[in-house]
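In: below: sequence and its predicted model.
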Amino acid sequence: MTQAVTYQRETKSVPFQGKIIMLESLTPVLSPKEKEQRKKEIERRLYDVFSKYGDRFH
């Protein structure tokens, strides 16, 4: 069973080309265990990408 994810909302008003634009950022609210799992998965995928293309930057 999948749990519903809740999000923390952050809203800012910023000037852009003479107009005020509302920016909304949604960040998932995760348990420490879920945060650690996601962090490890991101790190693993980044490592896969950089190890695949790393030789192009030498």
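Out: Happy to help now that I have it.

In: point to the residue nearest the middle of the chain.
Out: residue 27 (7.8 Å; Cα atoms, centre = their mean).

In: name the nearest residue to that one, sequence neighbours excluded.
Out: Among residues not flanking residue 27 along the chain, residue 8 sits closest, at 4.8 Å (Cβ to Cβ, 6 or more residues apart in numbering). C-betas here are computed from N, CA, C, even on glycine.

In: roughly how far apart are residue 29 and residue 4?
Out: To residue 4, residue 29 is 11 Å away according to Cβ to Cβ, to the nearest Å.

In: comparing the two, which residue is more hemmed in?
Out: Ranked by neighbour count (other Cβ atoms under 10 Å), residue 29 and residue 4 place residue 29 first, with 11 against 4.

In: host element of the residue nearest to the centre of the chain?
Out: Secondary structure assignment for residue 27, by DSSP states H and E: strand 19-28.

In: same check, this time on residue 14
Out: Going by DSSP H and E, residue 14 is part of strand 7-16.

In: may I have the beta-bridge partners of the spatially closest residue to residue 15 that is not a sequence neighbour?
Out: Closest residue to residue 15 apart from its sequence neighbours, by Cβ to Cβ, 6+ apart: residue 21 at 7.6 Å. As for beta bridges, residue 21 partners with residue 14 under DSSP bridges.

In: what number of residues lie near residue 21?
Out: Residue 21, neighbours per other Cβ under 10 Å, totals 10.

In: can you pull the contacts of it?
Out: Shown in contact with residue 21 (Cβ atoms under 8 Å, 6 or more residues apart in numbering): 13, 14, 15.

In: cool, residue 7 as well?
Out: Neighbour list for residue 7: 26, 27, 28, 29 [criterion: Cβ under 8 Å, 6+ apart].

In: looking at those residues, which one is closest to residue 42?
Out: residue 28 (13.1 Å; Cβ to Cβ).

In: which among the contacts of residue 21 end up buried?
Out: Buried members of those, scored by 16 or more other Cβ atoms under 10 Å: none.
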